[in-house]
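**Q** Need a 3D model of the sequence below.
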Amino acid sequence: MNRLRPFLAVLLFAAACGGERPASESPAPATSTQPAAAVADKTFTLYSGRNEKLIRPLLDKFTAETGIKVEARFGESSELAATLLEEGQRTPAAVFLSQDAAGLGAVAKAGLARQLPSDVISKVPARFASADGRWVGVSGRARTVVYNPKRIKPAQLPQSLEAVGEPRYRGKFGIAPPNASFQSHMAAYSVVNGPEALQKLIASMVKNEPRRYRGNGAIVDAVASGEIEWGLVNHYYIWEAKKEKPGASLENFFMPQGEGSSFVNVSGVAQLSDDPDGAAFVSYLLSESAQRYFAEQTFEYPLVAGIQSPVALQPLDQIRTPQIDFARVSEALPETLKKITESGLSRQ
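**A** Purely as a prediction, here's the structure:
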């Protein structure tokens, strides 16, 4: 188990930091299971890093269509990944549904994830599944710049992450260092450009005195109110805000320059045993019904072709993102978190 400690340490650290979810994923109890009486012959155990309020209707729909019941344990993805690393082959979980790919990468690297069938993996673009077929993406979560078009134009926004450090932006933008998506983006940047480049990027951010927030939603609110001109967030937050306030002056901008400046993380799933009921659920997550559910409930990118979003998302193939092994992102997280902490970027 010693070889797993670096992963375990960073996952526990990330769990302590917490991670903000969209409004539709409002806080829920850390864990939950169905009553014992509900367990039938066709039952499997799911560890879900997606919030119960979001996922429970989908689980009920799956049960109604297949007759397979789900015993679900809910929590932060990083927390559940750390639990899986501790439990090892003794885990009762047949499936791990993660909010981000870093936890999936750690679990797969530990040898806990089974290889998925090719007909499952082939449903999504290759860059959104592990190279060895140990996990597959379910929905896409793009990093973007949210801005107020009444205050600033796209040409005036940073065209790359490196440009975030330009003096003209001093004190005018927002970031959320405690947020897992921000941390994963910085880790991905390190994988693509190297740790020295990440160190330089973080130093430039600190020097430029950004407004610091606990999560993406607070950044979007600050942009809409005029408190800041722009901020680094996940793409779906503006659509959550516009659902509540249709007239909100908010737009997304995807940086067209700089390797790793744009980054598409994924919510994904790994199969932990040969349980056929768990395997059926993994396949179901990539069905038209489930993909449409994610697109409509959280405004995330459906990863299976032919599924239309109810909002005007910039096509994935038009977002300039690097080819990246998400397992390497999980490996880069410990040093990335250390750099963020030591730089003072996390200080409110």
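
**Q** Neighbouring strands - and their directions - for the helix or strand residue 96 falls within?
**A** Assigned by DSSP states H and E, residue 96 belongs to strand 95-98. Here strand 95-98 is paired, per DSSP bridges, with strand 43-48 (parallel), strand 264-271 (antiparallel).

**Q** between those strands, which one is nearest to residue 66?
**A** Residue 66 sits nearest to strand 43-48 of all the strands paired with strand 95-98, at 10.9 Å, using Cβ to Cβ. Just so you know, the C-beta spots here come from the backbone N, C-alpha and C atoms, and that holds for glycine as well.

**Q** Do me a favour and average the pLDDT over that closest one.
**A** Mean per-residue pLDDT for strand 43-48: 98.

**Q** now stretch 216-236
**A** Across stretch 216-236, pLDDT averages out at 96.

**Q** mind saving the C-alpha coords of that stretch as CSV?
**A** The C-alpha trace of stretch 216-236 is given here as CSV (Å, rounded to 0.1, in the frame of the first residue of the first chain):
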residue,chain,number,x,y,z
ASN,A,216,-16.9,29.2,-9.1
GLY,A,217,-20.4,30.3,-8.3
ALA,A,218,-19.1,33.2,-6.2
ILE,A,219,-16.9,34.3,-9.1
VAL,A,220,-19.8,34.3,-11.5
ASP,A,221,-21.8,36.4,-9.1
ALA,A,222,-19.0,38.8,-8.7
VAL,A,223,-18.7,39.2,-12.5
ALA,A,224,-22.4,39.7,-12.9
SER,A,225,-22.4,42.4,-10.2
GLY,A,226,-19.4,44.3,-11.6
GLU,A,227,-17.2,43.5,-8.7
ILE,A,228,-14.6,42.0,-11.1
GLU,A,229,-14.3,42.0,-14.9
TRP,A,230,-13.7,38.3,-15.4
GLY,A,231,-12.8,35.1,-13.7
LEU,A,232,-11.5,31.5,-14.2
VAL,A,233,-14.4,29.0,-13.8
ASN,A,234,-16.1,26.0,-15.3
HIS,A,235,-18.3,26.7,-18.3
TYR,A,236,-21.7,25.6,-16.9
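
**Q** Just the buried residues of it, please?
**A** For stretch 216-236, burial by neighbour count (16 or more other Cβ atoms under 10 Å) applies to 216-224, 227-236.

**Q** wait, doesn't residue 167 sit right on residue 208?
**A** Yes. At 7.3 Å, residue 167 counts as touching residue 208 under the criterion of Cβ atoms under 8 Å.

**Q** For the two, indicate the residue with more neighbours.
**A** The neighbour comparison of residue 167 against residue 208 (other Cβ atoms under 10 Å) goes to residue 208, with 18 against 8.

**Q** quick one, strands of this structure?
**A** For the chain, applying DSSP state E gives strands covering 43-48, 69-74, 95-98, 136-147, 173-175, 211-212, 230-234, 251-253, 264-271, 301-302.

**Q** Would you mind giving these as CSV with distance to residue 89 added?
**A** Formatted as CSV, the strands of the chain follow (distance: least, Cβ to Cβ, whole Å):
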stretch, distance to residue 89
strand 43-48, 14
strand 69-74, 17
strand 95-98, 14
strand 136-147, 22
strand 173-175, 40
strand 211-212, 41
strand 230-234, 34
strand 251-253, 43
strand 264-271, 14
strand 301-302, 33
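
**Q** So which of those strands is nearest residue 241?
**A** With Cβ to Cβ, the closest approach to residue 241 among the strands of the chain belongs to strand 136-147: 8.9 Å.

**Q** tell me the mean pLDDT for the closest one?
**A** 96.

**Q** can you list the domains in the chain?
**A** Following automatic domain parsing, one gets these domains for the chain: 2-140+266-310, 141-263+337-343.

**Q** among those domains, which gets the worst mean confidence?
**A** Mean pLDDT is lowest for domain 2-140+266-310 among those, at a mean of 84.

**Q** picking up where we left off before, so what touches the strand holding residue 96?
**A** Residues outside strand 95-98 that contact it (Cβ atoms under 8 Å, 6 or more residues apart in numbering) are 44-50, 55, 77, 80-81, 84, 103-104, 107, 113, 135, 138, 267-272, 278, 281-282, 285.

**Q** And for stretch 105-124?
**A** With contact meaning Cβ under 8 Å, 6+ apart, stretch 105-124 is reached by 4, 7, 11, 81, 84-85, 88-89, 91, 96, 98, 104, 129-130, 132-137, 270-274, 282-283, 286, 303-304, 325-331.

**Q** are any of those residues buried, and which?
**A** Buried residues within these, counting neighbours by 16+ other Cβ under 10 Å: 4, 7, 11, 81, 84-85, 91, 96, 98, 104, 129-130, 133-137, 270-273, 282-283, 286, 303-304, 326-331.

**Q** now, which of those lie within helices?
**A** Per DSSP state H, helices hold the following members of these: 7, 11, 81, 84-85, 104, 282-283, 326-331.
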